[in-house]
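1. Build me a model from this:
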Amino acid sequence: MTIQVNTIREQFPALSLVDEGKPRIYLDNPGGTKLPGRY
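-> Below you'll find the model as predicted:
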């Protein structure tokens, strides 16, 4: 199964953040779950 990273980033605004021209990488546990932008 191929994951479309850009499609997922579009659905979760927090995952679309960029620092110094590079996308952020999150290493987190389920307690810090990101929510889709529509919620």
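2. drop to CA atoms for contacts and neighbour counts, all remaining ones
-> Fine.
3. how about the closest residue to residue 18 other than its chain neighbours, what does it touch?
-> Spatial nearest neighbour of residue 18, excluding adjacent residues (C-alpha to C-alpha, 6 or more residues apart in numbering): residue 24 at 5.7 Å. Residue 24 makes contacts with 15, 16, 17, 18, as judged by C-alpha atoms under 8 Å, 6 or more residues apart in numbering.
4. Buried subset of those residues as a PyMOL selection?
-> In PyMOL syntax, the buried subset of those is picked out as below (16 or more other C-alpha atoms under 10 Å):
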select buried, resi 15
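5. Please dump the contacts of residue 24 into CSV; it should also carry secondary structure for every row.
-> Below are the contacts of residue 24 laid out as CSV (DSSP: H, G, I helix; E, B strand; the rest coil):
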residue, secondary structure
15, helix
16, helix
17, coil
18, strand
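6. tell me which of the contacts of residue 24 is nearest to residue 35?
-> When the contacts of residue 24 are compared for distance to residue 35 (C-alpha to C-alpha), residue 15 wins out at 9.8 Å.
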